[in-house]
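need a structure here:
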Amino acid sequence: MRIEMTRREMREYLFCLVFQNEFYPAEEFAEQRDNYLHERSLSEGETKEILDKLEAFIEYLPEIDKKISAHSKGWKIDRIAKAELALLRLAVYEALYDDSVPVGVAVNEAVELAKQYGEENASAFVNGILGKIVNE
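Residues are numbered from 1 along each chain as shown. Down below sits the predicted model:
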């Protein structure tokens, strides 16, 4: 029997999907997304919640990228490491567009995931850019 997934697990699953989204065209991403979620043995409700959040994230992606670009002086989006970019994108989505996530939690969780998945100074980089975005 599976225990219900935590918010942190959901965020990590979303991060992985946001990261994967960067590498696949839309029609291939749908298959990759479905395979990824199927391998996690999630409940129907958990899968739906992740898909709903992912769909909303993708809808806001152009706005999210504008905000990141405006606050990452000297770093064009295509120069930001893919893991850090996925974390920034997800955190901006959560902080600004997902009312169920407090801003501080979105930033803190992104910094923690950057320590786990990013390069050596990723957490400071992610924290600095998110600090600028959420305080504008």
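
so residue 13 touches residue 39, yeah?
No. Between residue 13 and residue 39 there is no contact under C-beta atoms under 8 Å: 10.5 Å. Any C-beta I mention is one placed from the backbone N, CA and C, and that applies to glycine too.

Can you pick out the residue with more neighbours from those two?
More crowded of residue 13 and residue 39, by other C-beta atoms under 10 Å: residue 13, with 21 against 8.

Mind telling me what element that one is part of?
Under the criterion of DSSP states H and E, residue 13 resides in helix 7-21.

how about the residue most central in space within the chain, what does it touch?
Central residue of the chain (C-alpha atoms, centre = their mean): residue 90, 2.5 Å from the mean position. By C-beta atoms under 8 Å, 6 or more residues apart in numbering, the contact list for residue 90 reads 11, 14, 15, 18, 57, 110.

most neighbours, which of those residues?
residue 110 (29 neighbours).

How much space separates that one from residue 134?
Distance, residue 110 to residue 134, using C-beta to C-beta, to the nearest Å: 11 Å.

go on, residue 55?
Going from residue 55 to residue 134 by C-beta to C-beta gives 23 Å.

the more surrounded of the two?
Neighbours per residue, other C-beta under 10 Å: of residue 55 and residue 134, the larger number sits with residue 134, 17 against 9.

surely that one meets residue 103?
Yes. Look at residue 134 against residue 103 with C-beta under 8 Å: they come within range, at 5.3 Å.

got any residues that touch both of the two?
The contact sets of residue 134 and residue 103 overlap at residue 95 (C-beta under 8 Å, 6+ apart).

what sits against the nearest residue to residue 22 once chain neighbours are set aside?
Nearest residue to residue 22 in three dimensions, chain neighbours excluded: residue 82, at 5.6 Å (C-beta to C-beta, 6 or more residues apart in numbering). Residue 82 sits next to 19, 22, 23 when contact means C-beta under 8 Å, 6+ apart.

ok, of those, which come out buried?
Neighbour-count burial within those applies to residue 19; the criterion is 16 or more other C-beta atoms under 10 Å.
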